[in-house]
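Peer 1: Could you look at this predicted model? Sequence included:
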Amino acid sequence: MRGRTCARFGLIALTACPVAPVAPVAIVACDRIAGQARDAYRYRQPPALSDGWTTASLDDQKIDRARIEQMTGAIRREADWNIHAVLIEYDGRLVYEEYFAGEDQRWGEPLGRVAFDLETKHDLRSVTKSVVSALVGAAAHAGKIRSLDAPVVEYFPEYADLQTPERRRITLRHVLGMTAGLEWNEEVSYADPRNSEIVMTRSAEPLRYVLSRPIVSEPGTTWNYSGGLTQLLAAVVQRSTGTPLREYAKTVLFAPLGITDVDWLGDLAGLPSAASGLRLRPRDLAKFGSLYLHQGRWRSQQVLPADWVEQSTRRRLTIGGERSDGYAYQWWHACVPAGSGVVEARMAAGNGSQRIYVLPTLNAVVTMLAGRYNDFTREPTRRILTEYIVPSIPARASGRCPNDDSR
């Protein structure tokens with residue numbers, strides 16, 4: 001086994017070790033050289049390109065370069081993490097950008113091993129939900145969506161049998177926060193045909209399927225994760241604006257950010273998959289995350305309403321008890337340890353360990369892409385954030401985590 005392990009690390013290891021090791025000493029030497037090859041990373045400032053990003057070095061920004069180099073070495077060593085890209089924005093500048101090779105998929109279709117770079121598009125999976133939230137905010141700011149407290153069924157008059165007093169109590173605000181009270185099961189694997197999102201995706205009438213789920217709790221009282229609710233939001237945006245969802249996203253979000261290479265997969269009765277279908281290049285995804293650090297602005301342009309950026313990422317309920325993750329409007333919320341305090345993290349999260357961490361008190365955004373699809377046993381992105389990135393940035397921790405009622 002050690003001989004085969006040696007062979008994976010290229011010419012240096014192959015030269016150092018004979019095909020058939022003759023003594024344990026040779027094997028140990030091979031492993032040592034292979035380890036050195038993996039750990040030889042030295043930090044490089046991200047290149048300045050004509051894409052709107054200003055770059056800077058970690059040293060100029062007084063970020064602990066040694067710890068970031070240790071992080072990169074750990075990602076290279078821990079193949080089972082299957083991390084594909086990590087980007088760090090600090091103080092409005094891109095200060096770290098590295099790509100890694102690993103197994104990947106395109107919306108469930110295996111792609112094999114991919115050597116990622118800044119031009120490689122990647123599945124966002126449920127980070128797509130946070131993009132849909134942004135489109136809802138843009139439509140509301142433009143007056144196309146009149147009120148978040150309107151019954152969601154008002155946007156679907158073709159379903160006359162669903163216009164009941166009970167269902168009219170479900171508002172857009174409930175849909176945004178995933179507290180609609182409708183039966184939905186995404187607890188089982190996405191490979192399981194009983195998964196409600198899979199049933200919806202395969203349905204001839206996906207919107208009716210979502211809206212007609214039995215009401216199992218009073219709207220606004222119980223949180224239940226549902227890609228179906230995000231699909232309803234996408235339909236509301238398309239219907240209220242009179243513009244196909246992909247075109248509306250291009251006009252109000254992607255074009256102002258200079259994003260031109262977009263795949264939005266899926267066809268659910270004329271709509272792309274709002275729950276999981278987007279694919280973007282890593283720098284472009286990091287631009288989207290940057291909007292949420294800078295009150296909706298990208299460089300000199302106001303892309304999203306500042307009040308929506310705050311509303312949609314503010315913790316509205318806690319899931320799982322004190323200092324657990326919380327939820328907002330298609331965004332997650334957490335507080336991660338930092339020295340003697342905690343750092344607030346507003347998160348867009350997708351299956352496979354796709355993550356945007358917006359860290360307001362650190363003036364930073366961390367974007368990570370990975371290939372850990374349907375593996376929820378552990379979360380290496382959170383470990384990377386808490387063990388390497390947060391400690392490397394000049395500390396601005398607080399002693400408490402904002403709770404549902406604190407703001």
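Peer 2: It's in. Residues are numbered from 1 along each chain as shown.

Peer 1: Can you say which helix or strand has Ile75 in it?
Peer 2: For Ile75, the host element (DSSP states H and E) is helix 65-77.

Peer 1: ok, then the element right after that helix?
Peer 2: Per DSSP H and E, the first helix or strand lying C-terminal to helix 65-77 is strand 83-90.

Peer 1: Figure out how far that following strand is from the centre of its chain.
Peer 2: 12 Å (Cα atoms, centre = their mean, to the nearest Å).

Peer 1: What are the contacting residues of the following helix or strand past it?
Peer 2: Counting by DSSP H and E, the next helix or strand C-terminal to strand 83-90 is strand 93-99. Residues outside strand 93-99 that contact it (Cβ atoms under 8 Å, 6 or more residues apart in numbering): 43, 45-46, 53-58, 61, 63, 68, 72, 75, 84-89, 115-118, 120, 282-283, 286. Bear in mind the C-beta positions are built from the backbone N, C-alpha and C, glycine included.

Peer 1: quick one: contacts for Pro380?
Peer 2: Pro380 neighbours (Cβ under 8 Å, 6+ apart): 78, 81, 83, 353, 370, 372.

Peer 1: wait, is Thr361 part of a helix?
Peer 2: Yes: counting by DSSP: H, G, I helix; E, B strand; the rest coil, Thr361 is part of a helix.

Peer 1: Model confidence for the nearest residue to it once chain neighbours are set aside, exactly?
Peer 2: Counting by Cβ to Cβ, 6 or more residues apart in numbering, Thr361 lies nearest to Arg396, which is 4.5 Å off, once chain neighbours are set aside. Arg396 is assigned a predicted lDDT (pLDDT) of 76.

Peer 1: Could you name the specific helix or strand carrying Arg396?
Peer 2: Per DSSP H and E, there is no helix or strand for Arg396.

Peer 1: Could you check how many residues crowd around it?
Peer 2: Per other Cβ atoms under 10 Å, the neighbour tally for Arg396 reads 14.

Peer 1: Under a three-state scheme, what state does Arg213 occupy?
Peer 2: Three-state assignment for Arg213 (three-state DSSP): coil.

Peer 1: what are the phi and psi values for it?
Peer 2: Phi and psi for Arg213, reported as degrees, to the nearest 10, are phi -60, psi 150.

Peer 1: Surely it touches Gly181?
Peer 2: No: with contact defined as Cβ atoms under 8 Å, Arg213 does not reach Gly181; the gap is 9.3 Å.

Peer 1: re the thing from before, list buried members of the contacts of strand 93-99 by neighbour count.
Peer 2: 43, 45-46, 53, 56, 58, 61, 63, 68, 72, 75, 84-89, 116, 118, 120, 282-283, 286 (16 or more other Cβ atoms under 10 Å).

Peer 1: Give me the nearest residue to Met347, chain neighbours excluded.
Peer 2: Closest to Met347 by Cβ to Cβ, 6+ apart is Trp332, at 4.0 Å.

Peer 1: higher neighbour count, Arg213 and Gly181?
Peer 2: Shown here are Arg213 and Gly181; by other Cβ under 10 Å, Gly181 has more neighbours (22 against 18).

Peer 1: if we can go back for a sec, what helices and strands are in contact with the helix holding Ile75?
Peer 2: helix 24-39, strand 83-90, strand 93-99, helix 380-384, helix 390-392 (3 or more Cβ pairs under 8 Å, 6 or more residues apart in numbering; DSSP states H and E).

Peer 1: weakest of these by average pLDDT?
Peer 2: Across the helices and strands packed on helix 65-77, helix 24-39 gives the lowest mean pLDDT, at a mean of 41.

Peer 1: From the structure, what's the count of residues near the residue nearest to Met347?
Peer 2: Other residues close to Trp332 by other Cβ under 10 Å number 22.
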